[in-house]
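Participant: Fold the following for me, if possible:
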Amino acid sequence: MPIIKSISGIRGTLGEKMGEGLDPVLIVQYCLAFATLLKTENKKKITVVVGRDGRVSGEIFESLVVSAMRAAGADVIQTGYTTTPTLEMAVIMSKADAGIILTASHNPANWNALKFFNKNGEFISPETGKKLLELIEKNDFICADEKNLGSISYDDTFMHKHVEAVLNLPIINKKAIADAGFFVVADVINSTGGLILPILFDALNVKYKIINNSDYGKFAHNPEPLPQHLTELSSEVVANKADLGISVDPDVDRLALICENGEMFGEEYTLVAAADFVLSHKIGNTVSNLSSSQALKDITLQKGGKYYASAVGEVNVVNKMKEVDAVIGGEGNGGVIYPELHYGRDAV
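Facilitator: Predicted structure coming up:
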């Protein structure tokens with residue numbers, strides 16, 4: 001399979017010939033290049049947050065990332081298992097200079113990827129991504145001497161802090177949710193959704209059943225949240241008479257819902273439903289990419305706001321949201337971005 005290089009990172013399949021997939025050499029090169037950029041721009045000791053989703057290859061690749069960043073002189077805060085939105089928030093909470101997560105999102109288990117974030121916990125800009133690729137092409141990296149190697153610390157508290165930040169949002173009525181007596185079934189596909197969703201449900205007094213939460217990294221089905229991949233979740237919702245079925249992808253930045261009758265709500269309507277709720281509390285502008293449903297535009301205009309379309313790609317959606325001061329935005333793949341929390345897709 002080909003390697004897919006983009007401005008926000010690199011992804012590819014495992015087990016290929018060197019240079020034809022995601023291999024250890026590429027991972028080290030990308031990390032050294034990223035550290036070089038950070039050191040060049042900051043002119044000081046830098047700190048980077050590093051984490052991974054539940055993929056089997058994640059532990060090995062994470063060790064490479066941590067070692068490469070420390071060899072370049074960066075201090076590392078290692079989270080271990082995490083979600084993409086949690087790592088984005090961890091960068092902000094720890095006041096780090098950047099973040100790196102190992103996740104190939106909705107791609108199958110034989111894929112993995114490096115995704116890079118700036119000090120705001122957002123995907124690096126196209127300009128930074130271009131500089132990163134230029135350094136890799138030139139093999140031009142800065143490494144530290146023995147007196148300036150980076151340190152390492154461990155912090156596994158960020159998921160709890162992430163959930164706490166969500167629940168402290170003024171728009172969230174914790175009492176109403178707790179009093180409703182909801183029962184939900186969640187498919188976490190043997191990845192880190194199985195760690196963060198129980199924290200959320202317990203805090204909201206929501207009863208729940210988690211499926212596919214045992215053999216981490218061995219995905220129970222194709223991670224893409226399409227109806228044909230969520231038949232088990234649909235059956236469990238009906239069998240357990242649940243109020244809702246919840247499906248998250250391996251790094252928990254996309255959300256798809258199953259109705260109480262077992263029918264799929266459709267990931268393209270996740271953002272629409274969230275926007276309907278947000279706009280009911282605060283009228284404002286919305287943004288989605290050009291591949292998203294027309295429904296977001298319709299409901300935004302109905303509520304009295306203005307809708308704007310962006311180019312495809314999370315970084316483009318975020319930039320447009322900032323430009324038009326959007327109250328909510330995202331993508332038609334189940335990715336919701338709520339600026340009151342942070343500028344990143346977040347299923348939590």
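
Participant: going forward, measure contacts between C-alpha atoms and count neighbours the same way
Facilitator: Fine.

Participant: which residues of the stretch 51-200 of the chain fall in helices?
Facilitator: Under the criterion DSSP state H, counting those that start in this stretch, the stretch 51-200 of the chain contains helices at 58-71, 84-93, 126-138, 158-167, 174-180, 193-203.

Participant: Remind me what the third one packs against, helices and strands.
Facilitator: Contact partners of helix 126-138 among helices and strands, from 3 or more Cα pairs under 8 Å, 6 or more residues apart in numbering; DSSP states H and E: helix 24-42.

Participant: Buried residues, the helix it packs on. List them.
Facilitator: Buried residues in helix 24-42, counted by 16 or more other Cα atoms under 10 Å: 27-39.

Participant: just the angle between that helix and helix 126-138, please?
Facilitator: 130 degrees (axes from the mean of the first three to the mean of the last three Cα atoms, to 10 degrees).

Participant: Which elements pack onto helix 24-42?
Facilitator: Contacts defined by 3+ Cα pairs under 8 Å, 6+ apart place helix 24-42 against helix 58-71, helix 126-138.

Participant: what mean pLDDT does that helix have?
Facilitator: The average pLDDT for helix 24-42 rounds to 94.

Participant: now swap in stretch 48-68 and tell me
Facilitator: 97.

Participant: cool, and stretch 136-148?
Facilitator: On average, stretch 136-148 scores 94.

Participant: With just CA atoms, put stretch 127-145 into PDB.
Facilitator: The C-alpha trace of stretch 127-145 is given here as PDB (Å, rounded to 0.1, in the frame of the first residue of the first chain):
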ATOM      1  CA  GLU A 127       2.900  26.200   6.000                       C
ATOM      2  CA  THR A 128       4.300  24.200   8.900                       C
ATOM      3  CA  GLY A 129       3.500  21.000   7.200                       C
ATOM      4  CA  LYS A 130       5.400  22.100   4.100                       C
ATOM      5  CA  LYS A 131       8.400  23.000   6.200                       C
ATOM      6  CA  LEU A 132       8.300  19.600   7.800                       C
ATOM      7  CA  LEU A 133       8.300  17.800   4.500                       C
ATOM      8  CA  GLU A 134      11.200  20.000   3.300                       C
ATOM      9  CA  LEU A 135      13.300  19.000   6.300                       C
ATOM     10  CA  ILE A 136      12.600  15.400   5.800                       C
ATOM     11  CA  GLU A 137      13.500  15.600   2.100                       C
ATOM     12  CA  LYS A 138      16.800  17.200   3.000                       C
ATOM     13  CA  ASN A 139      17.400  14.900   6.000                       C
ATOM     14  CA  ASP A 140      18.200  18.100   7.900                       C
ATOM     15  CA  PHE A 141      17.700  17.600  11.600                       C
ATOM     16  CA  ILE A 142      18.900  19.100  14.900                       C
ATOM     17  CA  CYS A 143      19.900  16.600  17.600                       C
ATOM     18  CA  ALA A 144      20.900  17.300  21.200                       C
ATOM     19  CA  ASP A 145      24.200  16.600  22.800                       C
END
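
Participant: if we can go back for a sec, turn the helices and strands packed on helix 24-42 into TSV, columns for mean neighbour count and distance to Gly262.
Facilitator: Converted to TSV, these look like this (neighbours: other Cα atoms under 10 Å; distance: least, Cα to Cα, whole Å):
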stretch	mean neighbour count	distance to Gly262
helix 58-71	21	33
helix 126-138	15	41
